[in-house]
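# Would you be able to build a 3D model of this:
(2 chains)
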Amino acid sequence: MTISSSSERVWWKEPLERTELIWIVIALIWCLIMFFMMPYWHIYGQQNLANEAYRAKPEDFARKTEEMIAKYKVREEGPDNMKVPVVHPPAGSDVYLIARLWSWHPQLELEAGKSYRIHLMSMDWLHGFSLQPENINIQVHPGYEHVVTVTPTRPGTYAIICNEYCGVNHHTMASRLYVK
Amino acid sequence: MPVNRMFRTDPATGLVFHQSADKLMRWNAVAAVVCLLIGGILALGVVLTRWQAVHLLPPDMFYQVLTAHGINMLIFWIIFFEMAVLYFASSTLLKCRLATPRIAWAGFWLMVLGALINNYSVLRGDSSVMFTSYAPMGAHPTFYLGLILFAVGALIACFVFFGTLVVARAERTYRNSVPLVTFGAITAAIIAVFTIAAGAIILIPTFLWSVGLVEYIDSLMYKTIWWAFGHSSQQVNVAAHVSVWYAIAAIVFGAKPMSEKVSRTAFLLYIFFLQLASAHHLLTDPGLTSNWKIFNTSYAMYLAVLASMVHGLTVPGAIEVAQRKKGYTQGLFEWLRKAPWGNPCFSAMFISLVGFGFLGGISGVMMGTEQLNLIIHNTIYVPGHFHATVVIGTTLAFMGLTYFLIPVLFRRELAFPTMAKYQPYVFGLAMSGVALFLMGAGTLGVPRRHWDVAFAGNAFPYEFPGAAWLMMALAGISGIIAIVGGGMYLLITVWSVFLGKKIETPGFQHVRARDGMAPAAPRTGPVIAGHGSAGMVAPGTFVLAMVFLTAFVLYYFVNWKYLSTVWPLK
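Presented below is the predicted three-dimensional model:
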């Protein structure tokens, strides 16, 4: 039976057949194109994650966030028992966003066409920053402050939902982001 | 204790089974099917909850069911079956006695114990941490303990497999090199060893953390090492199911690879590069550089992808060559048209091959690209992708092999042959629907592992577009049909094994080694004979490969185009 018969010759000395040879060459070229697309996009593309991240303590991050809220708070939103502050930070500034069980804090109001340095960090477990309907998705870790520079393009009301499973109320972890 | 050297020869296929290996294969296969049954019942809960119009389970139970579904399917069902494949590829294909059967049994029972303990922990309700169990979210200690015991058992089985290879070599039970299927199984076992090592490095400290002996588990460290275990275990599956493809091509068509060199080198590339894929899961994580991400996510320079693309050509290519030899030489595709589409062993394998390549492979490479991952990460696109790779690819290939193994290994006739004929189509096509619709929903942002995408009762709900809801509903319907297809497989196998008609061979007996064993395979001429066209032995396969490549290139760049429209980030 062919399944159990081993090759007649030493296998690494077998001749290469044309179908396979041509396919291997084509496939290898395609693999290299895909590989070089990634560095190419770092140079010429607009959508890249920075490699900027710091180890941070939750209490320090929370303090910086509260300082920012105190400076730039414009209003509060939500039902009475769970008001969430909305901040409108100046363009180019450092913006802090806390992920925790099970909320995002605070809500952000940004301006279209301006860039912001958004700092993301979790206070407890892993969370997932998922901006909808843009569909930008970034992992949020506890203990790591991740700095992402974003430039909103279109005004509107966006949602930030959590897309990393974080326990039984995971589905309630949703917030807003406004672009003026 | 004397060494058991009793063998039997299967009258229909001439395959030789060592008594100890025979029994181990049967028990591993049965354990695998039991896990598939459990996972399949749980799948019903997952499908009927994520189908938002039905929304069956409450959140705590949904996450519990999803955790158990993932672990029973991805780990227990597949690895039990793989152990049977390892014993088959070593003992049976090399006509060799199994090394240390008692240790192999110890490994098997450890795996059973581990699976039971882990399922117990999830059943308790305090370990709904998903397959990934990302620290610092903690599970009950028995959750990790079960996984560790299971992994140790699997590791023992891998070493029994290696030991059998040594015995086969020492007792000269085969000539020249080991057969290609065994070579593929060796690949799977080598990857399994370093996969399990990575699992030990992360699960043991996490277990100690769960009982309070270790103070702190860093979330990024956990995720990085855990995926060296989690992703690599899926690469074990790839190596195993590619071996099964080759095995079925040989069983059904008597096909031999076009060149052993190409197929074996492709397996070698798996060993060298597959392990890097931990990075696929860390592309949007902080604390890792882009250099690290690009090198690892691409398996060096997509060299493991190259290997899969090669297997994707050489398996159907081998079938084409075998079919052309039999006289199916008209045009480009007579060999394929006249293939035995009613043989579930073949149809399962072929749907597995096409589904793995077109749906699983292309989507996997796309979302494993550093920047493209931004628009995919943690959306339900990801389950869409791995239901194409692991379910259509691995599970369906294993189902195909089962149809061959029932008469050979269990010595029973296949029950419900007509149902078996349709089973791969029902299961494979429905699962393709699941994969495609989930990918569609993921492209629209629907998150994975999420109880309620309607956000009912939230202060700041988000409303997904209607198309996303439609996709989730279609995925739900496909999922139900796929579960029916899985149920057909379970019914056929369980009925055949326990109630099927026994295959009686007059004068059947076990014989001591060597006496009455199958004679060595006759020498065959060179495979490459002038049956093809355009200077190729497999022109039809080449055309199919070019169709695949075109789909791949188009889809890849469509996603770059889509990425270029989202907010600039740096």
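
# helix, strand or coil for the residue in chain B sticking out farthest from the centre?
Distance from the C-alpha centroid of chain B, by C-alpha atoms, centre = their mean, peaks at residue B:459 (41.8 Å). Three-state call for residue B:459 (DSSP: H, G, I helix; E, B strand; the rest coil): coil.

# any idea how far it lies from chain A?
According to C-beta to the nearest C-beta, to the nearest Å, residue B:459 and chain A sit 5 Å apart. (C-beta placed from N, C-alpha, C; glycine too.)

# Let me know the pLDDT of that residue.
pLDDT, residue B:459: 87.

# before we move on, what about the one 4 residues further on?
In this prediction, residue B:463 carries a pLDDT score of 93.

# same thing with residue B:527?
pLDDT, residue B:527: 40.

# now do the one 10 residues further on
What the model reports as pLDDT for residue B:537 is 88.

# Need phi/psi at it.
Here is the backbone geometry of residue B:537 (degrees, to the nearest 10): phi -80, psi -20.

# That one: how many residues sit nearby?
The local packing of residue B:537 (other C-beta atoms under 10 Å in any protein chain shown) involves 25 other residues.

# Then residue A:180?
Applying other C-beta under 10 Å, we find 11 other residues in the vicinity of residue A:180.

# Would you map the strands across the stretch 401-550 of chain B?
Ranges of strands within the stretch 401-550 of chain B are B:511-512, based on DSSP state E, counting those that start in this stretch.

# Show me which residues of it are close to chain A?
B:443-445, B:447-453, B:455, B:457-462, B:464-465, B:521, B:523-524, B:528, B:532, B:535-539, B:541-542, B:545, B:549 (C-beta under 8 Å from any C-beta of the partner chain).

# hmm, try it at 7 Å
Residues of the stretch 401-550 of chain B that fall close to chain A, judged by C-beta under 7 Å from any C-beta of the partner chain: B:445, B:447, B:449-452, B:455, B:458-462, B:521, B:523, B:528, B:535-538, B:541-542, B:545, B:549.

# Derive a PyMOL selection command for the buried subset of those.
Of these, the buried ones go into a single PyMOL selection, burial set by 16 or more other C-beta atoms under 10 Å in any protein chain shown:
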select buried, chain B and resi 445+447+449+450+451+452+455+458+459+460+461+462+521+528+536+537+538+541+542+545+549
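
# Spit out the contact partners of the residue farthest from the centre of chain B.
Taking C-beta atoms under 7 Å, 6 or more residues apart in numbering or on different chains as the criterion, residue B:459 is in contact with A:78, A:79, A:82.

# Equivalent analysis for residue A:124, please.
Residue A:124 sits next to A:100, A:101, A:142 when contact means C-beta under 7 Å, 6+ apart.

# ok, the nearest residue to the last one once chain neighbours are set aside - how many residues close by?
Right, residue A:142. Setting aside the residues directly before and after it, residue A:142 is nearest to residue A:122 in space (C-beta to C-beta, 6 or more residues apart in numbering or on different chains), at 4.3 Å. Per other C-beta under 10 Å, the neighbour tally for residue A:122 reads 28.

# Return the set of residues that bridge with residue A:122.
Residues in a beta bridge with residue A:122, per DSSP bridges, are residue A:99, residue A:142.

# Pretty sure it sits against residue A:99.
Yes. Assessed by C-beta atoms under 7 Å, residue A:122 is found in contact with residue A:99 at 4.5 Å.

# shared neighbours, these two?
Common contacts of residue A:122 and residue A:99 (C-beta under 7 Å, 6+ apart): residue A:140.

# Quick check, central residue of chain A?
In chain A, the centroid-proximal residue (C-alpha atoms, centre = their mean) is residue A:138; its distance is 1.6 Å.

# contacting residues for that one?
Residue A:138 sits next to A:120, A:129, A:148, B:284 when contact means C-beta under 7 Å, 6+ apart.

# give the contact list for the residue nearest to residue A:142.
Residues near residue A:122 by C-beta under 7 Å, 6+ apart: A:99, A:100, A:140, A:141, A:142.

# burial count for residue 133?
With no chain named, the answer covers chain A. By other C-beta under 10 Å, the residues close to residue A:133 number 15.

# I was after chain B.
Neighbours around residue B:133, by other C-beta under 10 Å: 23.

# Excluding its own residues, what touches the one helix or strand in chain B whose mean pLDDT sits lowest? List them.
When the helices and strands of chain B are scored by mean pLDDT, DSSP states H and E, strand B:511-512 comes last with a mean of 80. Here strand B:511-512 makes contact (C-beta under 7 Å, 6+ apart) with B:5, B:6, B:7.

# Can you say which of those are buried?
Among the contacts of strand B:511-512, those scoring as buried are B:5, B:7 (criterion: 16+ other C-beta under 10 Å).

# what about residue A:139, which SS state?
Per three-state DSSP, residue A:139 ends up strand.

# show me the contacts for it.
Residue A:139 makes contact with A:126, A:128, A:164, B:284, B:285, B:377, according to C-beta under 7 Å, 6+ apart.

# between the residues you listed, which is closest to residue B:224?
Proximity of the contacts of residue A:139 to residue B:224 (C-beta to C-beta) peaks at residue B:285, which lies at 8.4 Å.

# What about the closest one, how many residues nearby?
Residue B:285: 23 neighbours (other C-beta under 10 Å).

# And for the one 5 residues further on?
Number of residues near residue B:290 (other C-beta under 10 Å) recorded here: 17.

# shouldn't it be in contact with residue A:51?
Yes. Residue B:290 lies in contact with residue A:51 (C-beta under 7 Å); the separation is 5.7 Å.

# How about residue 173: what's its closest non-neighbour residue?
Chain wasn't specified; assuming chain A. Of all residues not flanking residue A:173 in the chain, residue A:162 sits nearest, at 3.7 Å (C-beta to C-beta, 6+ apart).

# I was after chain B.
The shortest distance from residue B:173 to any non-neighbouring residue, by C-beta to C-beta, 6+ apart, is to residue B:96 (4.4 Å).

# how near is that neighbour to chain A?
Distance, residue B:96 to chain A, using C-beta to the nearest C-beta: 11 Å.

# can I assume residue B:126 is in contact with residue B:138?
No. Checked against C-beta under 7 Å, the pair residue B:126 and residue B:138 is beyond contact range at 9.1 Å.

# With neighbour numbers in mind, choose between the two.
residue B:138 (18 against 14).

# which phi and psi does the closest residue to residue A:57 other than its chain neighbours have?
Excluding its sequence neighbours, the residue lying closest to residue A:57 (C-beta to C-beta, 6+ apart) is residue A:143, at 7.7 Å. The phi and psi values for residue A:143, taken as degrees, to the nearest 10, are phi 90, psi -10.

# now residue A:103
Here residue A:103 shows phi and psi, under degrees, to the nearest 10, equal to phi -150, psi 160.

# Quick check: nearest residue in space to it, chain neighbours excluded?
Leaving out its chain neighbours, the residue that sits closest to residue A:103 by C-beta to C-beta, 6+ apart is residue A:173, at 6.1 Å.

# Tell me the confidence at the one you found?
Here, the pLDDT recorded for residue A:173 equals 94.

# Phi and psi next, for it.
Backbone torsions for residue A:173, taken as degrees, to the nearest 10, come to phi -90, psi 80.

# ok, it - contacts?
Neighbouring residues of residue A:173 by C-beta under 7 Å, 6+ apart: A:102, A:103, A:104, A:161, A:162, A:166.
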